[in-house]
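*Asks:* Provided below for reference: sequence and predicted model.
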Amino acid sequence: MDELNQNIGLIMLILALVLIVLMAVCLFFQLDLRSKIATQRLKFLGFYSAQLDSRERYAEIVIGNRSLNDLGITELGIKNGKMTFDLTALYRRKAGLKEDARIAIEQRSSLQLRLTVEELSKALIEGKNGKKILKTLKVYAVDVTGALYEGKVKALKSLLEDAIRAEKEGVALPASAPVHPPVSPAELLAEEAPVQDEPAVEQEKSHEYENV
């Protein structure tokens with residue numbers, strides 16, 4: 001008992017340190033859980049794609065919601081430099097939605113939008129003498145709270161560069177342009193770094209993406 005009384009100060013110090021560590025661990029897990037539930041996290045993926053039979057080029061945009069709650073979208077589109085091009089109405093039409101329908105990405109899910117080369121080319125800016133200008137190309141989305149998310153899509157920029165080059169040469173977009181196996185939308189939502197899937201049967205794709 002005397003020995004316990006002599007070391008009571010040290011014991012209290014150790015207990016206090018253990019308590020502080022436990023509180024810090026609890027706080028960490030609480031903040032981590034809050035960020036996963038309350039924070040909207042979007043990922044953007046752009047495909048430079050081609051039909052297997054016709055070799056016709058097209059672009060495909062995938063926007064993935066990696067958070068644990070649904071995300072309402074009020075606007076989505078493409079940015080060419082500082083110029084924005086709203087694709088919200090086009091997405092509703094292609095998705096078979098009404099003009100005033102609410103767009104939402106469910107938790108751990110994604111939405112897709114396919115664009116023809118002609119549709120994507122409308123994001124080009126005309127400069128002097130009718131020259132087509134292509135700057136940094138990004139996909140953007142605005143949620144119901146007004147938060148803006150955007151990500152670069154290099155594959156879509158490559159498709160536009162090929163289209164501009166073909167137009168200058170006065171020829172159709174070449175069917176022999178390089179294409180590569182795609183990454184599936186499910187891979188997009190994975191917590192670990194995405195890896196390549198087996199190529200889809202009906203199409204070939206190349207991709208680039210960035211996190212927001």
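*Replies:* Looks like it arrived, so ask away.
*Asks:* from here on, contacts and neighbour counts on C-alpha atoms
*Replies:* Noted.
*Asks:* now the most centrally placed residue in the chain. Nearest residue, chain neighbours left out?
*Replies:* Centrality entry for the chain: nearest residue to the mean C-alpha point is residue 44, 1.3 Å, by Cα atoms, centre = their mean. For residue 44, ignoring the flanking residues on the chain, the nearest one in space by Cα to Cα, 6 or more residues apart in numbering is residue 63 at 4.8 Å.
*Asks:* isn't the one you found up against residue 107?
*Replies:* No - look at residue 63 against residue 107 with Cα atoms under 8 Å: they stay out of range, at 11.9 Å.
*Asks:* tell me which of these two has more neighbours.
*Replies:* residue 63 (25 against 18; other Cα atoms under 10 Å).
*Asks:* quick one: low-confidence parts of the chain?
*Replies:* In the predicted model of the chain, residues 1-6, 33-40, 172-212 satisfy pLDDT under 70.
*Asks:* tell me the domain boundaries of it?
*Replies:* Using automatic domain parsing, the domain ranges for the chain come out as 2-36, 39-211.
*Asks:* check the ones you listed for me and report the most buried one.
*Replies:* domain 39-211 (a mean of 17; mean count of other Cα atoms under 10 Å).
*Asks:* chain center to that domain, what's the gap?
*Replies:* Distance of domain 39-211 from its chain centroid, counting by Cα atoms, centre = their mean, to the nearest Å, is 9 Å.
*Asks:* now the residue nearest to the centre of the chain: which helix or strand?
*Replies:* strand 42-51 (DSSP states H and E).
*Asks:* elements contacting the longest helix along the chain?
*Replies:* The helix that spans the most residues within the chain, counting by DSSP state H, is helix 8-38. Contacting helix 8-38 under the criterion 3 or more Cα pairs under 8 Å, 6 or more residues apart in numbering; DSSP states H and E is no other helix or strand.
*Asks:* where do the strands sit along the chain?
*Replies:* In the chain, the strands defined using DSSP state E lie at 42-51, 57-65, 71-80, 83-86, 103-105, 109-116, 125-126, 132-133, 137-143, 148-152, 203-211.
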